[in-house]
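**Q** Fold the following for me, if possible:
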Amino acid sequence: MGKGLPSLIFMGTPEFALASLKAVIAAGAPILLVVTQPDRPKGRGQKLSSPPVKELALAHGLPVLQPARVKSPEVISRVEALAPACLVVVAYGQILPERLLRIPPLGAVNVHASLLPKYRGAAPIPWALMEGETATGVTTMLLDPGMDTGDTLLSREVPIGPEDTGGSLHDRLAEVGASVLVETLVRLADGSLRPRPQDHSRATYAPMIHPKDCRVNWQDEAERVSRRIRALDPWPGAFTLWQGKRLKLFGCRALSSRPAGTLPGTVLASGPEGLGIAAGGGEVQIRSLQLEGRRRLEAVDFLKGYQLAVGMVLGE
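**A** Predicted structure coming up:
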């Protein structure tokens, strides 16, 4: 064991998992194998791209496995042969079969980006922002066959600021999650940590973000519109329609008033100060925009190239 850390197999895929993998490497954990998703086509050229976790693992000389199906007999046999003390699962992207969960004596430890049992599911970060939470956090838990229903281990609260975006909150939670993970593994190994059942009656859910969740409804209160735009920044991006194309909106704040009788979605300001748009009961000010098929631009630069004039109505 490295500094009290048990032998483990690390399972993760996207950028959120990088901080956790870096942390267990830095702590000297015996990492027997890194399991991640297969390479996928990416970008306009659809060139095969490696998951971030794969690139980090290879840079540290760690063995990597990329199964199409983690429940395949070959994967389970390999894990059984390696006999890890635990599995560490951080945003892996596939549901682990019960047979795999039963292999490690310390169980499968998952890092989840919410204070369970709140926001179980695939997208806890944007939903916490969209629902107006003032705090969220990270929970380590033992995986079971359910969706984020296993016993919890440790948790740590993280405040949500009025300017936070999905991206800024993602990065903070990833770092906090890495720290909580290392503490969890040390305490599991020395026997000082006792799992606690979740109160399922208090559970809320954060399903995968779908395109319908990304479309701005200008009838909503300005604060609610602002939260949606911030929650989906930088990905996948909240959007409205303009001249038949999707116009993504980023980096905004809400104002509590707007001119009386103004139709929601109406452009109220368009110039060097940026873009102001009427919403229900107020106004939102947009800092950057991205027209379908184009790159993201600061509002002042976008408005130099596109005639998005005062009085135009977005979303129709």
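**Q** Now the phi/psi pair for the nearest residue to residue 138 once chain neighbours are set aside, please.
**A** Spatial nearest neighbour of residue 138, excluding adjacent residues (C-beta to C-beta, 6 or more residues apart in numbering): residue 177 at 4.2 Å. (Glycine included, C-beta is placed from N, CA and C.) Dihedral pair for residue 177: phi -60, psi -40, per degrees, to the nearest 10.
**Q** so residue 177 makes contact with residue 22?
**A** No: at 11.5 Å, residue 177 does not count as touching residue 22 under the criterion of C-beta atoms under 8 Å.
**Q** Which one of these two is surrounded by more residues?
**A** Higher neighbour count among residue 177 and residue 22: residue 177, with 27 against 15, using other C-beta atoms under 10 Å.
**Q** who's in contact with that one?
**A** 16, 19-20, 90, 111, 113, 138, 140 (C-beta atoms under 8 Å, 6 or more residues apart in numbering).
**Q** Where helices are concerned, which of these count?
**A** Applying DSSP state H to the contacts of residue 177, the entries found in helices are 19-20.
**Q** of the contacts of residue 177, closest to residue 75?
**A** Of all these, residue 90 has the smallest distance to residue 75: 17.6 Å, by C-beta to C-beta.
**Q** Show the contacting residues for that closest one.
**A** Residue 90 neighbours (C-beta under 8 Å, 6+ apart): 10-12, 16-17, 20-21, 110-111, 177, 181.
**Q** Same list (these) but as JSON lines, adding distance to residue 303 and pLDDT.
**A** Listed next are the contacts of residue 90 as JSON lines, based on distance: C-beta to C-beta, whole Å; pLDDT from 0 to 100:
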{"residue": "10", "distance to residue 303": "46", "pLDDT": "99"}
{"residue": "11", "distance to residue 303": "46", "pLDDT": "98"}
{"residue": "12", "distance to residue 303": "41", "pLDDT": "98"}
{"residue": "16", "distance to residue 303": "34", "pLDDT": "98"}
{"residue": "17", "distance to residue 303": "38", "pLDDT": "98"}
{"residue": "20", "distance to residue 303": "41", "pLDDT": "98"}
{"residue": "21", "distance to residue 303": "42", "pLDDT": "98"}
{"residue": "110", "distance to residue 303": "45", "pLDDT": "98"}
{"residue": "111", "distance to residue 303": "41", "pLDDT": "98"}
{"residue": "177", "distance to residue 303": "39", "pLDDT": "98"}
{"residue": "181", "distance to residue 303": "44", "pLDDT": "98"}
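**Q** Dump those residues to TSV, plus distance to residue 76.
**A** As requested, the contacts of residue 90 are exported to TSV (distance: C-beta to C-beta, whole Å):
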residue	distance to residue 76
10	17
11	13
12	19
16	25
17	21
20	23
21	22
110	18
111	23
177	27
181	24
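**Q** between the residues you listed, which is nearest residue 285?
**A** Using C-beta to C-beta, those come closest to residue 285 at residue 16, 29.3 Å.
**Q** Could you count how many residues lie near the closest one?
**A** Neighbours around residue 16, by other C-beta under 10 Å: 21.
**Q** ok, it touching residue 92?
**A** No: applying C-beta under 8 Å, one finds residue 16 not in contact with residue 92, separated by 10.5 Å.
**Q** A helix includes residue 136, no?
**A** No: looking at residue 136 with DSSP: H, G, I helix; E, B strand; the rest coil, it is strand, so not inside a helix.
**Q** Does the nearest residue in space to it that is not next to it in sequence belong to a helix, a strand or coil?
**A** Distances taken as C-beta to C-beta, 6+ apart place residue 128 nearest to residue 136, at 4.3 Å, with adjacent residues excluded. With three-state DSSP as the basis, residue 128 sits in helix.
**Q** How is the protein divided into domains?
**A** 8-202, 211-305 (automatic domain parsing).
**Q** Let me have these in a markdown table, adding distance to residue 313 as columns.
**A** Listed next are the domains of the chain as a markdown table, based on distance: least, C-beta to C-beta, whole Å:
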| stretch | distance to residue 313 |
| --- | --- |
| domain 8-202 | 24 |
| domain 211-305 | 5 |
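**Q** On the pLDDT front, check the residue nearest to residue 66 when sequence neighbours are not counted for me.
**A** With sequence-adjacent residues excluded and distances taken as C-beta to C-beta, 6+ apart, residue 66 is closest to residue 38, at 4.7 Å. Per-residue pLDDT puts residue 38 at 97.
**Q** And residue 2, by the same measure?
**A** At residue 2, pLDDT is 47.
**Q** same question, residue 45
**A** Residue-level pLDDT assigned to residue 45 equals 79.
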